[in-house]
Structures are given as structure tokens and as C-alpha cells.
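> Quick check, what structure comes out for this input:
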Amino acid sequence: MKFINYLESISGVSVYPMIALILFGGVFVIAVLSAFFSKKEDIREQSMLPLDEPK
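Numbers count the residues shown, from 1 in each chain. Okay, here's the model as predicted:
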């Protein structure tokens, strides 16, 4: 039996891709806005973290 047959037997399964798309879009928009509105000194400090010596 193919996987598509299992999906067709679930009622309301067409809602899940829409929910996933909305969640992904929301996270993407938040990430873009966070990067756009970040202070330059914060970004510069975070970019140097991999190069800092451990204490």
C-alpha cells in the first residue's frame, strides 16, 4: 500500500501543509526582521565569538 493512500484516509489532512507553511513563513519573517533591526555592534560582537579565546 502506498503512502498516499494513508494520507487520503485521514480526514482534514489538507490543513497540515497550510499550518506548516504559515509557521515556516512566520519564523522566516521574524528572522529577517531580527537581522534587519539588529544593532551593528551586536552583529560585530557575535561575528567574533568563534574567534574568541575560551576563558
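> Next one, pLDDT for residue 6 please.
You'll see residue 6 listed with a pLDDT of 76.
> If you could redo that for residue 15, that was the one I meant.
We have a pLDDT of 88 for residue 15.
> try residue 1
The model reports residue 1 with a pLDDT of 62.
> Check the offset of the longest helix along the chain from the chain's centre.
As assigned by DSSP state H, the longest helix anywhere in the chain is helix 15-36. Here helix 15-36 shows a centroid-to-chain-centroid distance of 6 Å under the convention C-alpha atoms, centre = their mean, to the nearest Å.
> all numbers from here: first residue = 67
I'll keep to 67 as the first residue from here, and by that count the last item is helix 81-102.
> next helix or strand past it?
helix 106-113 (DSSP states H and E).
> and that following helix, C-alpha only, in CSV?
Only the C-alpha atoms of helix 106-113 are listed here, as CSV (Å, rounded to 0.1, in the frame of the first residue of the first chain):
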residue,chain,number,x,y,z
LYS,A,106,25.7,46.8,14.1
GLU,A,107,27.8,46.5,17.2
ASP,A,108,25.8,43.5,18.3
ILE,A,109,26.3,41.8,14.9
ARG,A,110,30.0,42.6,15.0
GLU,A,111,30.4,41.2,18.5
GLN,A,112,28.5,38.0,17.6
SER,A,113,30.6,37.5,14.5
